[in-house]
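Participant: have a look at this prediction, sequence included:
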Amino acid sequence: MSASDRLHASKIAATLLVLAMAVVAPGCKKKVPPPPPPPPSTAPAPAPTVARATINSFTAEPSTIEKGQSSTLSWSISNATDMSIDQGIGAVQSRGQRQVFPTSSTTYTLTANGPGGSDSRTVTVSVTTPPPPPPPANTGPRLSSAEMLQQQSQDAFFDYDKSDIRADARDALTRDAGLLKQIFAQDPNFTVVVEGHCDERGSAEYNLALGDKRASAAKDFLVQLGVAGDRIKTISYGKERPQCTEANEECWQKNRRAHLSAGQ
Amino acid sequence: MKRSIIFLGSILSMCAFALAQTDFKIQLGKHGEKPNIAVPDFRGAGDAQNFMNTFNGTLWSDLQGSGQLKMIPKTTYPLTVPQQPSDFKPPLNGKSQGPWLSDWSGPPVNGNYLAFGYTAAQNGQLALYGWLYDVKQTNPSSAQLLAKVYVGSPDEAGAKKIAQEFAADILKLFGGSSLMGSRIYFMSDRTGHKEIWSMNYDGSDQKQFTSYKTITNFPVVSQDGTKIAFTVYPMRPASPGHPATEGQPRIYMHSLETGRKLVYLNQDASMNAASDFMPDSRHLLIYSTASTGISQIFMTDIDGGGFHRITNTRALEVEAKANPKTGADIVFTSGRGGTPQIYRMNIDGTDVARLTTGEGDAVNPSWNPDGQHIAFAWTRGFEPGNFNIFIMDIASQELIQLTHGAGRNENPNWAPDGVHLVFSSKRGRTSQIFTMLADGTGLQQLTTQGNNEKPVWTKGTQ
């Protein structure tokens, strides 16, 4: 690219930028909220013969409350003869406060009328629903997390003498990872144990080591999916705790598994 | 089968050779041929006769059970049985004058050896006067191999004791050792929990050793007989909202002298399992996931200190057993080649060699006290899980299969005599402990209640 080309290019770029600003600017204006009312002190309008009713301020403090709490409306009005707030409050004085107990988000409109003209202003009190009460301090949260784990977690199954995570185990552990994240978020003290189990055919010693490897393979997979590794322990039961005791492949497959249980 | 017999014979003759430096030299006959022995019923003088059923039964079964002698059936014995050396009378001019050596060496007895004697009540004790003769000799004085007095309490227990001691002395002459006083430690779940138990070599006197009420398994005993180590899932007590649960497997060490738990520092790992004592009884082989995340073999001091690694693979390494003779090498089970197989290597991790062919699962290695043979369980030729007991001469890798599909046979462990094996077998709904000779004969069931596994045969406190 030559020097003149470069100059030409930068001219085009500058032109485009100006155009872009011209296009964007009105768009920006539209999105800007209505300007705040001028502060009372800066409105020394030349005194007309008949002054226009003016609302100097109208606020709700706090503007966001929880259901059952109150907010205080405050206002200040000049040159009005007739002043009222809607939402059942009715006529008010030119300067005052009023405690309100809205049960849902409510917009209050203050209207001021005077001989020289009228003014109105709104204020909104947002009402949030408070969180449910915390469960009883002791056993509540853990028990429910443990129950959740017991009812919703899925075992990951393995091939004979293997600790590789199969496709079906991948699906089960992916669902388990979601469940664990949810439980860990709601119950900061909860920990989980990944148990590794084997079928009865290998030796007890070899199965102890194999069960350990299955448990740690399942844990590694969960950690890869973002579950907090420091809240997962592993334990190998080898073939000590079969969930099925018949001597056939269907039963053996049920026993070659990683299983989640609540930690302590 | 012929090959097996010859091989067993070579074990026996090796033992005989090793221990033949005792008072007498008795050579085995041809390779694999057991010497035969006549053991007529002994009689007791006076009240001693009351205990002679026990005495004769014990003497016969200890000698027969040793596997080192062939017992000549009593039906072939001469009518007149000698009770002391002075009963022997040489024949005169071809006519019998009384009991003589040739009565026992010739037909129909065709014996090599004769045990005889009598018991009597003496000074409030039961005394046995026992002799062993080599009946192929030409006169009683050259025939005499053993002449000894044994003393026991004047009751059944005393009769059993003197019979066992006499049998032990006879067996020593043949280069074997008696199993008397030896004790088998094992795991039993008969209480509803897996606990460590012990019993005599014949299954008598079964006693519970641990009471951890969780999973307690894999006992190993030091050669000096002072310590036992095993693997426990320590029970963690219940807490609010949580039932009691088992913790990760840990090694526990107990004194066999006091029964008390000793200090053993476990590694911070998901798994620590007791594997074997070193022959010095001061070091322990373990398999653990410490620092590796996968089961590997380590050695530690007797208190868990001095932890250092022996295997270095990404495969499962378990069940290391130290050569009881030298401590210089180990056999172990490894998955490094695929399915679990038996390997041997030096204690420093060098010279690794696979001993089994790679077929099936080969597990549970156990050294013969000679440091040259092992027993193990193998599924070769059978479906996964259907283990049989094999023995192997490590130098030649020659094999003998001792069980042949009668149930699932595992956990072989050699007796201190190097001729017997104890193992567990599941032949019905439960696993039970059996003993047999190293040629697969002489099967005896020692347990019946619950499941009983992982037997370890120790010298006991003699």
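Facilitator: Yep, that arrived. Quick caveat, the model's predicted, so the values are computed rather than measured. Residues are numbered from 1 along each chain as shown, chains lettered A, B, ... in the order given.
Participant: need the strands for the stretch 1-150 of chain B, in chain order.
Facilitator: Using DSSP state E, counting those that start in this stretch, the strands found in the stretch 1-150 of chain B span residues B:36-38, B:43-45, B:70-71, B:113-122, B:125-134, B:144-152.
Participant: turn the ones you listed into JSON lines, including mean neighbour count.
Facilitator: (Each C-beta comes from the backbone N, C-alpha and C, glycine too.) Converted to JSON lines, these look like this (neighbours: other CB atoms under 10 Å in any protein chain shown):
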{"stretch": "strand B:36-38", "mean neighbour count": "21"}
{"stretch": "strand B:43-45", "mean neighbour count": "16"}
{"stretch": "strand B:70-71", "mean neighbour count": "15"}
{"stretch": "strand B:113-122", "mean neighbour count": "21"}
{"stretch": "strand B:125-134", "mean neighbour count": "22"}
{"stretch": "strand B:144-152", "mean neighbour count": "16"}
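Participant: closest to chain A out of these?
Facilitator: strand B:70-71 (35.7 Å; CB to the nearest CB).
Participant: show me the contact partners of that closest one.
Facilitator: B:34, B:35, B:36, B:37, B:39, B:60, B:63, B:64 (CB atoms under 8 Å, 6 or more residues apart in numbering or on different chains).
Participant: format the strands of the stretch 1-150 of chain B as CSV; extra columns: mean pLDDT.
Facilitator: Listed next are the strands of the stretch 1-150 of chain B as CSV, based on pLDDT from 0 to 100:
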stretch, mean pLDDT
strand B:36-38, 94
strand B:43-45, 91
strand B:70-71, 92
strand B:113-122, 93
strand B:125-134, 94
strand B:144-152, 92
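Participant: from the contacts of strand B:70-71, which would you call buried?
Facilitator: Using 16 or more other CB atoms under 10 Å in any protein chain shown as the burial test, the contacts of strand B:70-71 include B:34, B:35, B:37, B:39, B:60, B:63, B:64 as buried.
Participant: for the third one, what are its contacts?
Facilitator: Residues counted as contacts of residue B:37 (CB under 8 Å, 6+ apart) are B:63, B:69, B:70, B:71, B:72, B:111, B:112, B:113, B:114, B:115, B:170.
Participant: the chain: helices as residue ranges?
Facilitator: Picking chain A for this. If DSSP state H is used as the criterion, the helices of chain A fall at A:3-31, A:140-152, A:167-186, A:204-224, A:249-255.
Participant: try chain B instead
Facilitator: B:2-19, B:52-65, B:101-105, B:140-143, B:156-173.
Participant: contacts for the shortest one?
Facilitator: For helix B:140-143, contacts defined as CB under 8 Å, 6+ apart pick out B:85, B:88, B:101, B:133, B:134, B:135, B:137.
Participant: out of those residues, who's nearest chain A?
Facilitator: residue B:134 (46.5 Å).
Participant: show me what contacts the closest one?
Facilitator: Taking CB under 8 Å, 6+ apart as the criterion, residue B:134 is in contact with B:26, B:112, B:113, B:142, B:143, B:145.
Participant: where does the prediction get shaky in the chain?
Facilitator: I went with chain A, as the question did not name one. Within chain A, the ranges that satisfy pLDDT under 70 run A:1-49, A:130-143.
Participant: actually it's chain B I care about, not the one you picked
Facilitator: In chain B (pLDDT under 70), the answer is B:1-32, B:175-177, B:241, B:461-462.
Participant: could you measure from the residue of it most remote from its centre over to residue B:126?
Facilitator: Going by CA atoms, centre = their mean, the residue of chain B most distant from its centre is residue B:93, 50.3 Å out. Separation of residue B:93 from residue B:126 (CB to CB, to the nearest Å) stands at 41 Å.
Participant: could you list the buried residues of the longest strand along chain A?
Facilitator: Ranked by residue count, the top strand of chain A under DSSP state E comes out as strand A:117-128. Residues of strand A:117-128 classed as buried: A:118, A:119, A:121, A:123, A:125, A:127 (neighbour count, 16+ other CB under 10 Å).
Participant: the spatially most central residue of chain B and chain A, how far apart?
Facilitator: By CA atoms, centre = their mean, the mean C-alpha position of chain B lies nearest to residue B:415, the distance being 1.5 Å. Distance, residue B:415 to chain A, by CB to the nearest CB, to the nearest Å: 21 Å.
Participant: next: residue B:358.
Facilitator: For residue B:358, the distance to chain A - CB to the nearest CB - is 13 Å.
Participant: again with residue B:454
Facilitator: Per CB to the nearest CB, residue B:454 is found 8 Å from chain A.
Participant: how many other residues sit next to that residue?
Facilitator: Using other CB atoms under 10 Å in any protein chain shown, residue B:454 is surrounded by 26 other residues.
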